[in-house]
Structures are given as structure tokens and as C-alpha cells.
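In: sequence below, structure please.
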Amino acid sequence: MTTAEPLHQSTEELTITRLLRRNAIEFGERPALTTGLGPDAGTLTWTQLRAEVAALTRGFTQLGLRRGERVLIAMSKRAEHWVTDLAAIHVGALPCSTYDTLSTEQIGALARHSAATVLVLEGAEQMRRWAPVLDDLPELRAVVVLDWSVAPADDPRFVSYAAVRNALPPDDAAFEQLTDSARPDQPLALVYTSGTTGDPKGVVLSHRNVIHESLMQDQLAPVPDHARSVAYLPLAHIAERVLGIYLPICHAGHVTICASPDQLLPTLRAVRPHGFFGVPRVWEKLAAGLRAQLASLPEEQATAVEQARATALDVYRRRSTGQDIPTELAQQQQEFEASVLQPLRAALGFDDCRRAFSGAAPISTTVLEFLASVGLPVYEVWGLSETTGAATVSTPEAFALGGVGRPGPGIEVREGEDGELFVRGPVVFSGYLQSDGSVASGTDADGWLPTGDIGTVDSRGIVAVTDRKKELIITAGGKNIAPTRIESLLRTHPLIAHAVAIGDRRRYVTALLVLDEESAPAWAKAAGLATTDLTELASHAQVLTAIDSVVEETNAVLSRAEQVKRYRVLAGPWTAETGELTPKLSLRRRAIDELHAATIESLYP
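Out: Here you go, the predicted structure:
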């Protein structure tokens, strides 16, 4: 399946550096980047942002940073992170943001592989984690530190961010020359994969990759000019790099930085974003919040909301199967939308959201239908770091429950003989960074990228992804089973945050079920239980009875080979720090097998 519609704007001569200059000239006084909320918020306009980038670019050149070298950034989400990234791009170097959840061992492996010459650290926490590996990085020439008070006094490699920023006086001609020197196919960024099934790989992306991805999203799911958005995911995540850096540069949008996960809801309410991307766990938590809100409505209002939800869900389901919407039903939906549903979503900051996407892992159709019923249809996208994020996009005109949309403009997707999906097109990356600094292609001679995902393409051209090729369970009886389908069904209950299906080379399928650290205590309180402690809840009779029902309901829609024969409830929580999850909250299956080996073995007496 391929789509070849032209993008609304040619990407042939566009680069991120030129688009940043355009924004500073044409939209100079418009807000570009805001940090914080309310009276304490600080905002950089496009003119101010580019001026900061120019100053740091001069400092990087003074440090001796050269085209093609790598710059590692270990910094929280703050304006200087954006400035550092964009300054490295202007030099022609390759910036790489690192996850703040990496262990020291992982930091060392990544830093050595990248052979970075410059490292930019924020403060005490980053210094604590990075200091043990610095002497083992022979290519490292400079460590730029934002909080200079934490830098060692006797190490000549260290220099303050302020000193680098103020190293040289303005030189507009030199900066404009650097702006113009970037080419569309020039490497732009280095993104390390999260390593769900193996060691991370260094993905090299070009200006052309990220600009095509950004303009493609604007074409398929339009939002207003200068759209408002919230940056809350790590900038090491391909989705946030596109949505938080490149896409706003392409349409001169306004990004508000949400530095802490616990500030996401207040930030959404304050910003009222035009577009929002969430991994499934984020949408599950938002849906749980909405359910709690609906449960507290007075009876008369609840009745009106239920009528509105039923209408919205009817429309959504018809669209999911490609049916036409009767005029009367469409009018009824519009009336309910304005009078009932939009005010309801306003409590979460989604009353003006025009583009809501989910990706990075499968999401339960139950969650999707619930959100659609309150007028917030969330559409699945699919892709990899190697495809600059989304390669397929679901839209109101073309989506299916359980599907991830059609290939974007100019992108092709095909099925291999074993069901693996292959992608070709302008979003496919330049290649993998090698330890010697070269870039090795990840595609075949015809440009096809093997994705490692198993899936299908239906008669409407909609792609469905059933599982990761390396994650398929093959039971001792030779049955091929997709664990993500089982896990998605199990996660529909508010008690369960994470579900892991086990069974590769074993007699039957079992599961590890991890309690939700927020929803499980709330469920226990509502049920009148005497405790809300996760450890106690994991063995509580009422909790186990409720989960028994979930497993039974799940098994009722599964084939005999897929059914969960035994399970164990774990208190959790699971995080990237505890080792079971990647920084983007995907399951790290190999680590789970190792960390919970004894529990897994106990399920197979």
C-alpha cells in the first residue's frame, strides 16, 4: 500500500536552520517557547530563541566543535535544552538527548558508542550520574555545565554554559552562512532506540526526514496556524523531538514545556493544546480521570452526558468501519458536542484539541471508545525511531479500531512473506551510527526498511500491527501467539497498570499483572477495603476476585492456546528506574524475564 499525494509545501530546499530563520523574520514577536505556568512563566519569542541559538553556536565553534561530531545533552526539559540542540545543528554537529533514567553502565555504553566530543550537563543530578564514566571517554574534549557550581575546579575539560554562550560577540554574517550551509539530506539528530528487545541503536535522522514527518502530520490532521502544544515527554523520545522541536519550527507554533509529569494536567488546562500525543499509559490515566469525573455528576446531568456519549460513540463506530454518517445523527452529535461534551473536556484542557494521537505501543480499544464517547477521538499512529516517528496515521476519514491508519504521503508499507511490515519513503532514516563514526544503511538495496513488526494491510489500505517479530510467543505446542493482544485486554481494568503475557517455549500462557499505583488505591477505597497499600492489595481476596473476573472475560474472547492459565498479581510500581519499562513506558521484556524469573517459574509447576 502506498500513498503519493504531494505535501502542501515542497520539502526539497527546506532545512530546520532556514525555517528557524524564517520564523524569526516573519513571526519574530510570536511566542516560541514557554517554561512554567502563570505569572512565573518565562517565554522566548522566535526572535529571542534564534538569538540564543546564535550565541551558543558561536560558543560551540570557539570550543572547536566541528561538522559531523556528536554532542550529548543530559538536561531536563528546559529552554536551554532546545537552544543547545539547535546550536549544535547550526554547527553541523549531531545532537543527541539522553534519557535521565539511564544507569551509569548504560550511560557509558551510549557515550562510548557515540564518540561524542562535547557533553552538555545540567546540574548536580546529571553530574552524579555522568562523572563515573567521563574518564573512559577518549573522544570527549569539553563538558559544558549549566549549573557551574557543581563542576570540578581542577578539570580543564569543564566550561560553564554561560561562558560558552558569551564566548564571542555577535557575527550575523557568519551565523547566516551556517544557516544556509545546511542541506536537506544532512544528518540532523541522533536518537538511540529504547532497546525493548535488545541493545539500543543510534538512529541518524536528516533535515528531510523530520520536515517531511512534520508537514505530513499538518496535512493529514490540520491544526490552526501557530498551534499551541505541550512538551512533556523526554526529548530523547522520537515523538517529542518531532512534536516539541521540529513540527513547531515548521509551523511557527508555541510550545509550553511541562518539566514534571505531575504538572501535566495543570499544564494541559492552562495551554489548551491544539494537538496532543500520548503513549497508551497517558491516555489510560486521562480516561480514568474522566471516568471519576463522570461518576460524581448529579443524576440529571449524568443522564444528559450518557445521551451525548452514546451519540458520539455511534458516530465513531460508524466511521471506524467506513460507513456514512446520517445527516440527522451528525446534527445531533454537533448539538451534544457544543452543549455537553466540550465543557466536559475543558476540565482536562482538551476542549480545543484538534489532533489527538496515540502511539509507541498498542492501546486498548475500550480506552479509545471511552475517549471517543466524550468527543475526544484518539487516533493511532505507528512507526519507529527509524521512520522519524509515524509512518502510518489514522484520521477521521480513514481509521479502524485495532488499526494504525494508512501510510502517510509518499510512504509505502508492504507485508513480507512472514508477515513482517516493511516501510519505504522520505521518513526512513539515514542509517545507524557505527562506533567509528560512519553511518550504515538500515534498508535493502530498494530502500525497504524491515520494521520488526508483524502486521497486515486491509482492503482500505489501513495497517494493523499485531506484534513485534521478536516478541511473538511460540508455545511448546508450536502455536504462534501475539502477547500484546492479550495484554491490552487485561489492562482494561483500572486495577491493572501493566500486564505481561508469558509462554514462549512453554506449555501454556501465564501472566504477570501489576497493580496501578494510582487507580488501585482509589478502587480499594471505593470498594470499602481497609487498606490502600499496594503490597497488601496484591494479595487481598477482593482484589484477586476482581482480577479473576478480568482474566475470565479476557479468556472468553481468546483462542484456547492464547488463554491465560495462571497469573500472579504484583504490587509494583514498575518504572524505567526499576528496570521493567523503557523510558517511553514500553515493556522491557528481556529485563522482566530476568528480574521476575522466580515468579515466572512458579507459574509452571
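
In: okay, which residue is most central for the protein?
Out: In the chain, the centroid-proximal residue (Cα atoms, centre = their mean) is Ala239; its distance is 4.4 Å.

In: thinking that one is in contact with Gly278, fair?
Out: No - judged on Cβ atoms under 8 Å, Ala239 makes no contact with Gly278 at a distance of 9.3 Å. Any C-beta I mention is one placed from the backbone N, CA and C, and that applies to glycine too.

In: what's near enough to touch the residue nearest to the centre of the chain?
Out: Residues in contact with Ala239 (Cβ atoms under 8 Å, 6 or more residues apart in numbering) are 233, 277, 359-360, 389, 584.

In: helix or strand: which one has it?
Out: helix 238-240 (DSSP states H and E).

In: which is the next helix or strand following that helix?
Out: Following helix 238-240 toward the C-terminus (DSSP H and E): helix 247-251.

In: strands paired with the very next helix or strand once past that next one, and their directions?
Out: Under the assignment DSSP H and E, the closest C-terminal helix or strand after helix 247-251 is strand 254-257. Under the criterion DSSP bridges, strand 254-257 sits next to strand 31-35 (parallel), strand 228-231 (parallel) in its sheet.

In: okay, strand 254-257 in PDB with CA atoms only?
Out: Output of strand 254-257 as PDB, limited to C-alpha atoms (Å, rounded to 0.1, in the frame of the first residue of the first chain):
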ATOM      1  CA  HIS A 254       4.000  27.800  20.500                       C
ATOM      2  CA  VAL A 255       5.500  25.100  22.800                       C
ATOM      3  CA  THR A 256       4.900  25.100  26.600                       C
ATOM      4  CA  ILE A 257       7.400  23.000  28.400                       C
END
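
In: how close does Ala41 get to Gln217?
Out: Relative to Gln217, Ala41 is positioned 26 Å away (Cβ to Cβ, to the nearest Å).

In: mind checking which of those two has more residues around it?
Out: Neighbours were counted for Ala41 and for Gln217 using other Cβ atoms under 10 Å; Gln217 has more, 25 against 12.

In: find the nearest non-adjacent residue to the more buried one, please.
Out: Excluding the flanking residues, the one nearest Gln217 by Cβ to Cβ, 6 or more residues apart in numbering is Leu247, at 6.5 Å.

In: quick one, domains of this protein?
Out: 16-274, 279-351+354-464, 472-602 (automatic domain parsing).

In: what's the pLDDT at the residue nearest to the centre of the chain?
Out: If you check Ala239, the pLDDT there is 92.

In: repeat that for Ala153.
Out: So Ala153 comes in at 87 (pLDDT).

In: give me the phi and psi for it.
Out: phi -80, psi -20 (degrees, to the nearest 10).

In: how many neighbours does it have?
Out: Neighbours of Ala153 using other Cβ under 10 Å come to 5.

In: from Thr57, how far off is it?
Out: For Ala153, the distance to Thr57 - Cβ to Cβ - is 28 Å.

In: what about stretch 45-59, distance to the chain center?
Out: 27 Å (Cα atoms, centre = their mean, to the nearest Å).

In: where does pLDDT dip in the protein?
Out: Within the chain, the segments meeting pLDDT under 70 span 1-12, 194-199, 476-480, 584.

In: ok, now with 80
Out: 1-12, 101, 103, 194-200, 361-362, 467-482, 485, 505, 559-560, 582-586 (pLDDT under 80).

In: quick one on the thing from earlier: of all the contacts of Ala239, which comes closest to Ala173?
Out: Nearest to Ala173 out of the contacts of Ala239 is Gly389 (Cβ to Cβ; 35.4 Å).

In: which phi and psi values does the closest one adopt?
Out: phi 100, psi -130.

In: identify the bridge partners of it.
Out: Taking DSSP bridges as the rule, Gly389 bridges to Leu384.

In: pull the number of nearby residues for it.
Out: Other residues close to Gly389 by other Cβ under 10 Å number 33.

In: so it touches Ile238, yeah?
Out: Yes - Gly389 lies in contact with Ile238 (Cβ under 8 Å); the separation is 5.0 Å.

In: now Asp218. Nearest residue, chain neighbours left out?
Out: His251 (6.1 Å).

In: quick one: that neighbour and Ala398, what's the gap?
Out: 23 Å.

In: same question for Ser339.
Out: 29 Å.

In: just to revisit the earlier point, OK, contacts around the residue nearest to Gln217?
Out: With Cβ under 8 Å, 6+ apart, Leu247 has these contacts: 213-214, 217-218, 229, 253.

In: and the contacts of the helix or strand hosting Val367?
Out: Per DSSP H and E: Val367 is located in helix 365-373. Helix 365-373 has contacts (Cβ under 8 Å, 6+ apart) with 280, 283-284, 286-287, 290-291, 309-310, 312-313, 316-317, 356, 358, 377-378, 380, 401-402, 488, 492.

In: filter these to the buried ones?
Out: 280, 283-284, 286-287, 290, 309, 312-313, 316, 356, 358, 377-378, 380, 402, 488, 492 (16 or more other Cβ atoms under 10 Å).

In: keep only those of the residues you listed that are in strands.
Out: 356, 358, 380 (DSSP state E).

In: so after the helix or strand Ala87 falls within, what's the next helix or strand?
Out: Element membership for Ala87 (DSSP H and E) is helix 79-91. Once helix 79-91 ends, the next helix or strand along the chain (criterion: DSSP H and E) is strand 94-97.

In: buried residues of the helix or strand just after that following strand, list them for me.
Out: Sequence-wise, the next helix or strand downstream of strand 94-97 (DSSP H and E) is helix 104-114. The neighbour-count criterion (16+ other Cβ under 10 Å) identifies 106-114 as the buried residues of helix 104-114.

In: likewise for stretch 521-534?
Out: 521, 523-524, 529, 534.

In: ok, stretch 49-64 next?
Out: In stretch 49-64, counting by 16+ other Cβ under 10 Å, buried: 49-61, 63.

In: same question, stretch 180-190
Out: So, applying 16+ other Cβ under 10 Å, buried residues of stretch 180-190: 182, 184, 186-190.

In: how far away is the closest residue to Phe27 other than its chain neighbours from Leu290?
Out: Counting by Cβ to Cβ, 6+ apart, Phe27 lies nearest to Ala252, which is 4.5 Å off, once chain neighbours are set aside. Ala252 sits 32 Å away from Leu290, going by Cβ to Cβ.

In: now Leu215
Out: On the measure of Cβ to Cβ, Leu215 and Leu290 end up 32 Å apart.

In: what do you get for Arg319?
Out: Taking Cβ to Cβ, one finds Arg319 at 21 Å from Leu290.

In: quick check, Ala167 in contact with Gly64.
Out: No - in this structure, Ala167 is not within contact of Gly64 by Cβ under 8 Å, at 11.4 Å.

In: look at the closest residue to Glu518 other than its chain neighbours and say how many residues are nearby.
Out: If the residues on either side of it in the chain are set aside, Glu518 comes closest to Lys285, at 7.1 Å by Cβ to Cβ, 6+ apart. Counted with other Cβ under 10 Å, residues neighbouring Lys285 total 18.

In: tell me how far Lys285 lies from Ala372.
Out: 17 Å.

In: can you pull the contacts of the nearest residue to Leu102 once chain neighbours are set aside?
Out: Counting by Cβ to Cβ, 6+ apart, Leu102 lies nearest to Leu110, which is 7.0 Å off, once chain neighbours are set aside. Listed by Cβ under 8 Å, 6+ apart, the contact set of Leu110 reads 72, 98, 102, 192, 200.
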